[in-house]
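Peer 1: got a predicted structure plus its sequence, pasted below:
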Amino acid sequence: MSRSEARVSTDRPARYGKQLAAHLGRKVEARWSEETGRGELTFKAGSATLVAEPGVLLLAVEGAAENLAVLEDVVGRHLVRFGARDELVVEWHRDSGEPGLVHRNEEEPVDPQ
């Protein structure tokens, strides 16, 4: 099993963890505990853990090496979409030393004129 981790700076880590688990829970097995601020996602290709700590949401995905990019993409892309206003950035670091994916909101801000 290979592993990739990301530390996402945010003032609302528990909110984003809960939202990510609820959203992805429509397609995969997902759990979120308000009490512990921890969650798990179970995909066919692997798993993910979510941990809310003060000022940061810790993400980790595990699976076969060939599945890491897919897992990083699903978790990171959805989180960045939810956190577009907060300009969340998800930068994955793989245990193999290979660079992981980087997710950030690439959309141009809309001028509210």
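Peer 2: Thanks, I have it.
Peer 1: next, Val80: secondary structure please.
Peer 2: Reducing the assignment to helix, strand or coil with DSSP: H, G, I helix; E, B strand; the rest coil, the entry for Val80 is helix.
Peer 1: residues touching it, list them.
Peer 2: Contacts for Val80 (C-beta atoms under 8 Å, 6 or more residues apart in numbering) come out as Leu88, Val89, Val90, His103, Arg104, Asn105. All C-beta spots, glycine's among them, are computed from the backbone N, C-alpha and C.
Peer 1: with distance to Ala64 added, can I get those residues in CSV?
Peer 2: Formatted as CSV, the contacts of Val80 follow (distance: C-beta to C-beta, whole Å):
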residue, distance to Ala64
Leu88, 27
Val89, 26
Val90, 21
His103, 21
Arg104, 26
Asn105, 29
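Peer 1: show me which pair in these is furthest apart.
Peer 2: Checked with C-beta to C-beta, those reach their widest spread between Val90 and Asn105, with 10.4 Å between them.
Peer 1: and the buried ones among the contacts of Val80, selectable in PyMOL?
Peer 2: Only the buried members of the contacts of Val80 end up in this PyMOL selection, burial being decided by 16 or more other C-beta atoms under 10 Å:
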select buried, resi 88+89+90+103
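Peer 1: nothing else from me, thank you.
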